[in-house]
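> sequence plus predicted model, see below.
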Amino acid sequence: MEITEKEVLNKWIEYTLTNDNGIQVSLLNYGGILTKLVVPDREGKLENIVLGYQNFEDYEQDSNYFGAIIGRVAGRIENASFELDGKTYQLKTNEGNHHLHGGESAFHQVIWDAMSFQNDDEAGVKLSHTGSDDAGGYPGRADVTVTYTLNNKNELLLDYEATTTEKTILTLTNHTYFNLTGNLKDTIENHQVSMNSEQFLELDEALIPTGNCLDVAGTPFDFREGNRLAAGMHSSHQQNTIAGGGYDHYFLFNENEVPHISISEPTSGRMLDITTNQPGVVMYTSNSLDKALQLSDGNSRKHAGVCFETQASPASLKYHQLPSIILGANDTYKKQTCFTFHSK
Ligand code: FUC
């Protein structure tokens, strides 16, 4: 295992973790942004499988949230408002009337305290952030750590921990866009995804969950036996068109079935398994990704990457049957998502 540090833009540090099989993970202390992930294809060829900017300055105002830690609440809070214990809280809007991905200057835009560590079989960086007492209208101050660990089993672990000074709402995720073709050779159309999910949340035109849980059976949302992402990109299903041609939906996982998601890419043979103790995932196929952004491997385009945002849904604030995002003052939020890389 090896770990190196490099200063970028005279203000951030980029850490690169390398395991004994040549897998490399690069991340910034700014936003905890995963900038590069280099893994072998079936021939052993090492290539980058995540979207990242060519110029680091572009991470500062990134409405695509490339690779970043998202919080305090990942996803959309309808009308930027929620009720907790009979009290109504109003947050700042940053997408129409709504509050997206923790609002402005959220966890994706702060410099985290970083501490690296390594031993024979793993190397990592522990990122910590102490929120401010007035964190954009959320109750309580949240103290958060996110630890990235790469090991020699070809696993990348993201461990999230949080506490709060007052009862609050919190759900964290990471917003990496994967593209297993390597070095952005193609879109994600031919990625084959299997997912243990029988239900997903219906969206309205503003991409806000309506509260209806829809059955995946007989729809392009059925990944139980595996399906190409292209199935939803060219579909006339109203839920795919509403999302801009593809997926931008919360899927609820079936309990006790792992891995929760498996992805394979036929040309490179690369595979990725995702296992988590989160109750579900937003699968977003970059339907609204800005065109012609200068990325490290070429220009961006629609469907250039796919995000698997493991999390609980903020829709639970309104629809209480969904897994909750409430964190009590004496509780510790503890979540893990594990990404395992292999090939066939
Ligand atoms: C995802 C989506 C959104 C948004 C953003 C960049 O989390 O749910 O629709 O476009 O990423």
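Nice, thanks for sending it over.
> what residues does the stretch 1-150 of the chain put near the ligand?
Proximity of the stretch 1-150 of the chain to the ligand, by Cβ under 6 Å from any ligand atom, involves residues Asn64, Tyr65. Heads up, the C-betas are built off the backbone N, CA and C, glycines and all.
> show me where the stretch 51-200 of the chain has its strands.
When secondary structure is read from DSSP state E, counting those that start in this stretch, the stretch 51-200 of the chain shows strands at 69-70, 76-77, 81-84, 87-90, 99-100, 113-118, 122-130, 142-151, 155-164, 168-169, 173-174, 177-178, 192-195, 197-203.
> avg pLDDT for the third one?
Per-residue pLDDT over strand 81-84 has a mean of 97.
> name the residues that touch it?
Under the contact criterion Cβ atoms under 8 Å, 6 or more residues apart in numbering, strand 81-84 has outside partners Thr88, Tyr89, Gln90, Leu91, Pro139, Lys167, Thr168, Ile169, Pro314, Leu317, Lys318, Ile326.
> any regions of the chain where pLDDT drops low?
For the chain, the stretches flagged by pLDDT under 70 are 134.
> for the ligand, what is the nearest residue in it?
The ligand sits closest to Tyr284 of the chain, with a gap of 4.2 Å, by Cβ to the nearest ligand atom.
> contacting residues for that residue?
Residues near Tyr284 by Cβ under 8 Å, 6+ apart: Tyr247, Asp248, Val306, Cys307, Glu309.
> now the helix or strand hosting the last one against strand 155-164, angle please.
Per DSSP states H and E, Glu309 falls inside strand 306-311. With axes from the mean of the first three to the mean of the last three Cα atoms, to 10 degrees defining the directions, strand 306-311 sits at 40 degrees from strand 155-164.
> need the contact partners of strand 306-311.
For strand 306-311, the external contacting residues (Cβ under 8 Å, 6+ apart) are 70, 74-75, 171-179, 188, 191, 193, 229, 260-261, 263, 274, 276, 278, 280-286, 335, 337.
> pull the contacting residues for Phe223.
For Phe223, the contact set (Cβ under 8 Å, 6+ apart) comprises Val193, Ser194, Met195, Ser197, Val216, Phe251.
> show me what the residue nearest to the fourth one when sequence neighbours are not counted is bridged to.
By that I understand Ser197. Closest residue to Ser197 apart from its sequence neighbours, by Cβ to Cβ, 6 or more residues apart in numbering: Phe251 at 4.0 Å. Note on Phe251: beta-bridge partners by DSSP bridges are Phe200, Val281.
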